[in-house]
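Asker: Below are the sequence and a predicted model; questions follow.
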Amino acid sequence: MERTDCGKYEWVVVDKDKCVSCGYCVEYCPRDVLRMGEDNHPYMAYRDDCWYCDACRFVCKAEAITLETVPYLIR
């Protein structure tokens, strides 16, 4: 599947300056939402499947991941 330009709709935000490209966030995502991009940084490939569980942020040892905006229906 080819990635479309949906960066402004991603809720999981990766600080590429802090990210060490370890892949833990991709591996531990319970909904298999994240993928490693061509730039070797994670991105939300399937954003509509995200549970906003924060597992990706929790396993990130570099503290490079934040959960920016949770959709209003989840709050």
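Answerer: Noted; the coordinates are in hand.
Asker: Identify the spatial nearest neighbour of residue 50, chain neighbours not counted.
Answerer: Nearest residue to residue 50, sequence neighbours excluded (C-beta to C-beta, 6 or more residues apart in numbering): residue 33, at 4.8 Å. Where C-beta positions appear, they are placed from N, C-alpha and C, glycine not excepted.
Asker: Now do the one you found against residue 55, distance only.
Answerer: For residue 33, the distance to residue 55 equals 10 Å [C-beta to C-beta, to the nearest Å].
Asker: Now for residue 55: which residues touch it?
Answerer: Under the criterion of C-beta atoms under 8 Å, 6 or more residues apart in numbering, the neighbours of residue 55 are 25, 28, 29, 30.
Asker: could you measure the residue nearest to the spatial centre of the chain against residue 19, distance?
Answerer: The centroid of the chain falls nearest to residue 12 when counting by C-alpha atoms, centre = their mean (4.1 Å). Per C-beta to C-beta, residue 12 is found 12 Å from residue 19.
Asker: any residues in contact with both of these two?
Answerer: With C-beta under 8 Å, 6+ apart as the test, residue 12 and residue 19 both reach 42, 65.
Asker: where does residue 34 fall, phi/psi-wise?
Answerer: When read as degrees, to the nearest 10, the backbone of residue 34 gives phi -90, psi 150.
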